[in-house]
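1. have a look at this prediction, sequence included:
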Amino acid sequence: MTIAEEIKTMMAGSSWIRKMFEEGAKLKAQHGPENVYDFSLGNPNLDPPDVFNKALETVIAETGPMGHGYMPNTGYPHVRRAVADYLSREHGVEFTENEVIMTCGAAGALNMILKAILDAGDEVSTPSPYFVEYKFYAANHGGTLKTVPTRPDFTLDIDALSAAVTERTKAVLINSPNNPTGQIYSEESLLALGRLLTQKSQAFGRTIYLISDEPYRKVVYDGVRVPSIFTCYRESILATSYSKDLSIPGERIGYAAVHPQASYRQDLIGAMALTNRILGFVNAPALMQRAVALVQGATVDISAYARKRALLCDGLADCGYTFVRPPGAFYLFPQTPIPDDVAFVKELQKELILAVPGSGFGGPGHFRLSYCVDDDTIVNAIPGFGEAMKKFH
């Protein structure tokens, strides 16, 4: 074998999402894509808002000499200022461009951050269920992902986190609104987590960072607000992207922001600027940086996702499924009627429905449905969900 043993192992246990994508391709080829109901990928199906398209036209028209050249590894200063101004308004904490680094999406931001802070053997604790790639991101930089159970409604279990954080912990990584559950962690729980990490940092004589992965921050329902980590804990870092709120995941544009009062703010920013370069990102895409600078706070029509959520939740409830109605993101994480979630997902495939086993997210006994799909996909799939449920009742 010519590839690295570590990568060979990773390939063997690779993402269930990708496996479902491949299985879906086979079913679509066999039955026709219009007859397969694919809920496997979190690929936004809404068009970007008009304001983004107009911004893109503007920056293309205004591109001058060296408009596609390199810029500082941290990004254009005027773009970082625009982001900092928006962050200051959104989080109630005063940011400058010096606390912001533009990145190749949230994934680029997370890898840049972890590369900057992890030594070999360090642990990153994350509430479970969790985004499947976190394990690989930590391993990329010599760290180990340590999963921590949440409560039955997928909210934070502070006692479990307290037990999990040790002298080897370098960061706690949260994702709110969460993929795969759609849960949003409350301000009360984040304040408790901030107190916990303050105590643990003092006890172990090392800084333990709170990293918040927030690409779904604006995809929320029923007037719910996503609390700010920056008002809950000083040693915090935000990673996010415009992929979901602007429906531009393929453009790979996001940013990281360090708390302005972090103890080692300058060291962190310097390290992250270096890791952004040496990981091969070098800088975030120039054109996309200039475009997003003009549309801070803009989003797609979230009411469209709210409608899809209602269609799916109402339909599955009528079929007898049990689930926590998600306050954010565009995922539903129902319980499977049998303990073996992989087996149940295979039953759904017989109904030409593609879902992802919860085991892949550290949530066995559940399955993930991504409802950023056409309304007809949801409506037409409901009878199949009902047939699958009948087999176990």
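-> Now that the structure is in, tell me what you want to look at.
2. element containing Lys346, please.
-> helix 341-350 (DSSP states H and E).
3. distance between the helix or strand just after that helix and the chain's centre?
-> Moving toward the C-terminus from helix 341-350, the next helix or strand (DSSP H and E) is strand 353-354. Put simply, strand 353-354 sits 22 Å off its chain's centre (Cα atoms, centre = their mean, to the nearest Å).
4. and if you look at stretch 208-223?
-> Worked out by Cα atoms, centre = their mean, stretch 208-223 lies 8 Å from the chain centre.
5. buried residues in it?
-> 208-221 (16 or more other Cβ atoms under 10 Å). Yep, even glycine has a C-beta here, placed from its N, CA and C like the rest.
6. quick check: phi and psi at the closest residue to Gly254 other than its chain neighbours.
-> Excluding its sequence neighbours, the residue lying closest to Gly254 (Cβ to Cβ, 6 or more residues apart in numbering) is Ser241, at 3.2 Å. Torsion angles at Ser241 (phi, psi; degrees, to the nearest 10) stand at phi -150, psi 170.
7. hmm, Ser241 is touching Ala106, no?
-> Yes - using Cβ atoms under 8 Å, Ser241 is in contact with Ala106, at 4.0 Å.
8. ok, the residue nearest to Gly254 to Cys372 distance?
-> 15 Å (Cβ to Cβ, to the nearest Å).
9. then Gly328?
-> In terms of Cβ to Cβ, Gly328 sits 13 Å off from Cys372.
10. still on that earlier bit, dump the buried residues of stretch 208-223 into CSV; add secondary structure, pLDDT and distance to Leu156 as well.
-> Below are the buried residues of stretch 208-223 laid out as CSV (DSSP: H, G, I helix; E, B strand; the rest coil; pLDDT from 0 to 100; distance: Cβ to Cβ, whole Å):
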residue, secondary structure, pLDDT, distance to Leu156
Ile208, coil, 98, 16
Tyr209, strand, 98, 17
Leu210, strand, 98, 12
Ile211, strand, 98, 15
Ser212, strand, 98, 12
Asp213, strand, 98, 14
Glu214, coil, 98, 15
Pro215, coil, 98, 19
Tyr216, coil, 98, 17
Arg217, coil, 98, 17
Lys218, coil, 97, 21
Val219, coil, 98, 20
Val220, strand, 98, 17
Tyr221, coil, 98, 20
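11. closest to Met10 out of those residues?
-> Asp213 (20.1 Å; Cβ to Cβ).
12. OK, contacts around the closest residue to the closest one other than its chain neighbours?
-> The spatially closest residue to Asp213, leaving aside those adjacent along the chain, is Asn175, at 4.4 Å (Cβ to Cβ, 6+ apart). For Asn175, the contacting residues are Thr126, Pro127, Tyr130, Phe131, Ser212, Asp213, Glu214, by Cβ atoms under 8 Å, 6 or more residues apart in numbering.
13. neighbour count: Ser241 and Cys372, which is higher?
-> Ser241 (27 against 21; other Cβ atoms under 10 Å).
14. isn't Leu56 right up against Gln289?
-> No - in this structure Leu56 lies outside contact range of Gln289 using Cβ under 8 Å: 11.7 Å.
15. what's next to the strand or helix carrying Thr198, contact-wise?
-> Using DSSP H and E, Thr198 maps to helix 187-204. Identification of contacts with helix 187-204 by Cβ under 8 Å, 6+ apart yields 155-156, 158, 161-162, 165-167, 169, 172, 174, 207-208, 210, 227, 229, 231-236.
16. between strand 209-213 and that helix, find me the angle.
-> Relative orientation of helix 187-204 versus strand 209-213 (axes from the mean of the first three to the mean of the last three Cα atoms, to 10 degrees): 150 degrees.
17. from the chain's centroid, how far away is helix 187-204?
-> 22 Å.
18. and for stretch 22-34?
-> For stretch 22-34, the distance to the chain centre is 27 Å (Cα atoms, centre = their mean).
19. next one: stretch 261-275
-> 22 Å.
20. same check on stretch 141-158?
-> 14 Å.
21. which positions in the helix holding Lys346 come out as buried?
-> Applying 16+ other Cβ under 10 Å to helix 341-350 flags Asp341, Phe344, Val345, Glu347, Leu348, Gln349 as buried.
22. of those residues, closest to Gln30?
-> Distances from Gln30 to those, taken by Cβ to Cβ, are shortest for Gln349, at 11.3 Å.
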